[in-house]
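Student: please find the sequence and the predicted model below.
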Amino acid sequence: MHRIALLTCILTASLMNQASGLETITGKYGDTIEIPCNNGRIAEADATFVKWKYDKDGSILVKHQNQNASVSSDVSYKNRVSIKKDLSLVIAQLAMSDQRTFTCMVVVKEDILEYPVQLAIYKVPSQPQITNLTTVMAIGKPTTLARCRTEDANPAANITWFKNKTPLMTDGAAIKITTNVDVNKETGLSTTTSSLEYTAVKGDIDAKFTCQVQHVKSANMDSSPLVFTVNYPTEKVSLKVASQGPFKEGDNVTLKCTADGNPPPSSFNFYINGQKKTVNSNTYTLSNVTRENSGEYKCSLVDNENIVASAPITVEYLDLVLSSTGKIVKKLGESLEMTVDVKASGAAQTSWKKGNAKLNSLPKFEKLSYADSGVYECVVSMAGFKKTQTFELVVEGSPVIQSLLKERGEGMNKVLKCAAEGFPKPTVQWSVNGTSVESAYENGRVTYSLSIVPKGNLTVSCAVSNVLGSDVKSMNVSALIEDVTMDKQDQKDEYSDQTVLAVGIVVGLMLAALAIGLAYWLYTKKFRQGSWKTGEKEDGSAEESKKLEENQSQKADV
């Protein structure tokens, strides 16, 4: 009777739990899960009897107080289950068959309690796999592009097709999507397959198609982008100049004809100088073009000459002609007139340089000087083109001494400077020996310096010469320290060294005579003082005055 009452109580409790809402837990396929018994609120010491079962009659294990659990012989759980101290049921290697209701039945004192738990099993699907891929589709023709497949999921995965990241929906015309779900009888897992049938338009060129796998327990997974070749007939051709312009005479110019069809035509007609030329290529090269090749060029389809395109070609040209080039030799003081002739297909800019110095305009030579000598460069430029011509101007002349100067050097040294002009460069010959130095030869001018120590009064000559002639000048040089710089070409040189010396001697004699006269006057004043009479000359007697004047005259003649 006691056992019957106990069973009755157990059945009643089970029915009451079934009538109420079940607790649901989720486990991952292939993992281990713990199913709690009343959320672990029943202590092991309080339970005299525990039984785990599934569905209505499936027994899993039984545990009596202070005894080890006894696992049933059910092959589904014999080696996969265990019980923990908190009475939780542990199930390893979860399978789809475990997706059911598990009940924990507990006898506590004289009460029998049941706690049912619903176990849900999930498994994320595999990565999307593309099969039955078609690489080419034609405009206006329905084509099965690909099949997208994902395997072993629970619940079953969903598949969505995208074009350029925009979802595609079946419209019954251009788009048709077919999806199937198959369940594996052994594992209970689902495989989803979706195929896409698509009718292409011209705008689908380079479009990227993808399929996306969606599942409640994983992030969305996209396939690699699929790009299909879209075939369509040619409707338009275009002609372009493939070479990099602007073009100048002598260049090669390549024309390229392209069609908007796919696949593109393999041959085209090119119209060159009014003549049709059929080539098995989409390019044609004009070699060594001239200004006469400027004009309009065309290309067309071989099988339909009405589909045609054209493009202009302009051959730029730039001509520069100088009236004289190379080396031009002129005499000093002559004139030279240069002319420039420029012919160009556009606006051209002309510039001049002499060496590295820029000139404002075409150089004019009315009276040539040595400074005009040099290399002249004429540059004409236009839109990336440049032409250059040069000429070298050489101004020749026999040497001319411009100046002959002398300066005081250190101590008794005198420095003579002979400045000369001429081309070719003049050479110098001094009439005396000394230390010779020369300046830089620029613009036909050079200065030769000679350092000497004169022993007395000299006449020094500077002689310069080149293949065209010679020139010579002389100057007087004295040994006096007071001698100053003289230039025979300057008005200051009208006095020679001898004149300066004579003036110095005269001035010295005059000073000496004045001193003698003063001494004599003092002498006569001392010895004749008191013997002079009123009306007599203060200077002494007439005879003494005469002697004094004779003495002064003799001193002055010395």
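Tutor: Cool, the structure landed. Every value quoted in this text rests on a predicted model; they were computed, and no experiment measured them. Residues are numbered from 1 along each chain as shown.
Student: any weak-confidence spans in the protein?
Tutor: Scanning the chain for pLDDT under 70 picks out 1-21, 481-508, 519-558.
Student: and the helices in it, which stretches?
Tutor: Along the chain, the segments classed as helices by DSSP state H run 2-19, 497-528, 542-557.
Student: residues touching the closest residue to Y284 other than its chain neighbours, list them.
Tutor: Once flanking residues are discounted, Y284 sits nearest to F270: 4.3 Å by C-beta to C-beta, 6 or more residues apart in numbering. All C-beta spots, glycine's among them, are computed from the backbone N, C-alpha and C. Residues in contact with F270 (C-beta atoms under 8 Å, 6 or more residues apart in numbering) are 255, 257, 276-279, 284, 297-299.
Student: closest to I91 out of those residues?
Tutor: When the contacts of F270 are compared for distance to I91 (C-beta to C-beta), C257 wins out at 73.6 Å.
Student: for this protein, longest strand please?
Tutor: In the chain, taking DSSP state E as the definition, the longest strand is strand 385-408.
Student: pull out the buried positions in that one.
Tutor: Of all the residues in strand 385-408, those buried under the rule 16 or more other C-beta atoms under 10 Å are 385, 387, 389, 391, 393, 395-401, 404-406.
Student: so what's the nearest residue to Q349 once chain neighbours are set aside bridging to?
Tutor: The shortest distance from Q349 to any non-neighbouring residue, by C-beta to C-beta, 6+ apart, is to S381 (5.3 Å). As for beta bridges, S381 partners with Q349, K386 under DSSP bridges.
Student: give me the distance between S381 and G245.
Tutor: 17 Å (C-beta to C-beta, to the nearest Å).
Student: again, but for D171
Tutor: 49 Å.
Student: more crowded one of these two?
Tutor: Set side by side, D171 and G245 show unequal neighbour counts under other C-beta atoms under 10 Å, the larger going to G245 at 14 against 10.
Student: and the more buried one, what does it touch?
Tutor: By C-beta under 8 Å, 6+ apart, the contact set of G245 is T314.
Student: doesn't V253 make contact with T283?
Tutor: No. If you go by C-beta atoms under 8 Å, T283 and V253 don't touch, sitting 10.8 Å apart.
Student: ok, now which ones touch the closest residue to L359 other than its chain neighbours?
Tutor: Residue nearest to L359 in three dimensions, not counting chain neighbours: W352, with 4.0 Å by C-beta to C-beta, 6+ apart. Contacts were defined as C-beta under 8 Å, 6+ apart; by that measure W352 touches 358-363, 376-379.
Student: strands - which of those land there?
Tutor: Judged by DSSP E, strands contain the following of these: 358-359, 376-379.
Student: the strands in the stretch 51-200 of the chain, which residues?
Tutor: Here the stretch 51-200 of the chain has its strands, by DSSP state E, counting those that start in this stretch, at 58-64, 70-71, 81-83, 89-91, 101-108, 111-122, 129-131, 136-138, 142-153, 158-163, 166-167, 175-183, 190-199.
Student: the fourth one pairs with which strands?
Tutor: Which is strand 89-91. Using DSSP bridges, the strands paired with strand 89-91 are strand 33-35 (antiparallel), strand 81-83 (antiparallel).
Student: ok so, going back, just checking, the residue nearest to Q349 touches A347?
Tutor: No. Assessed by C-beta under 8 Å, S381 is found out of contact with A347, at 10.1 Å.
Student: neighbour count winner among those two?
Tutor: Legend: neighbour count by other C-beta under 10 Å for S381 and A347, higher for S381 (15 against 7).
Student: quick one: G397 and E316, what's the gap?
Tutor: Taking C-beta to C-beta as the measure, G397 falls 45 Å from E316.
Student: T24 now?
Tutor: Distance of T24 to E316, computed by C-beta to C-beta: 85 Å.
Student: quick one: which of the two has more around it?
Tutor: Counted by other C-beta under 10 Å, T24 and E316 do not tie: E316 has more neighbours, with 19 against 10.
Student: who's in contact with the more buried one?
Tutor: Going by C-beta under 8 Å, 6+ apart, E316 touches 246-249, 344-346, 382-383, 385.
Student: now T178
Tutor: T178 is in contact with 194-195, 197, counting by C-beta under 8 Å, 6+ apart.
Student: relative to V342, how far out is it?
Tutor: Distance, T178 to V342, by C-beta to C-beta: 77 Å.
Student: how about K256?
Tutor: 34 Å.
Student: what about these two, which has more around it?
Tutor: Comparing K256 with V342 by other C-beta under 10 Å, the one with more neighbours is K256, at 18 against 15.
Student: does A309 touch C299 like I think?
Tutor: Yes. A309 lies in contact with C299 (C-beta under 8 Å); the separation is 5.9 Å.
Student: can you list residues touching both of the two?
Tutor: Going by C-beta under 8 Å, 6+ apart, residues that sit against A309 and also against C299 are 237, 239, 257.
Student: can you put these in CSV and add distance to F49 and neighbour count?
Tutor: Shown next, in CSV, are those (distance: C-beta to C-beta, whole Å; neighbours: other C-beta atoms under 10 Å):
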residue, distance to F49, neighbour count
V237, 92, 23
L239, 96, 23
C257, 94, 28
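Student: with distance to L189 added, can I get those in JSON lines?
Tutor: Shown next, in JSON lines, are the shared contacts of A309 and C299 (distance: C-beta to C-beta, whole Å):
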{"residue": "V237", "distance to L189": "56"}
{"residue": "L239", "distance to L189": "61"}
{"residue": "C257", "distance to L189": "58"}
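Student: please parse the chain into its domains.
Tutor: With domains defined by automatic domain parsing, the chain comprises 2-122, 129-231, 237-316, 318-394, 397-493, 502-557.
Student: is A259 bridged to anything, and to what?
Tutor: Bridge pairing for A259 (DSSP bridges) gives the partners V237.
Student: my read: V253 touches V289, true?
Tutor: Yes. With contact defined as C-beta under 8 Å, V253 reaches V289; the gap is 5.5 Å.
Student: which neighbours do the two share?
Tutor: 247, 313, 315.
Student: sounds good, over and out.
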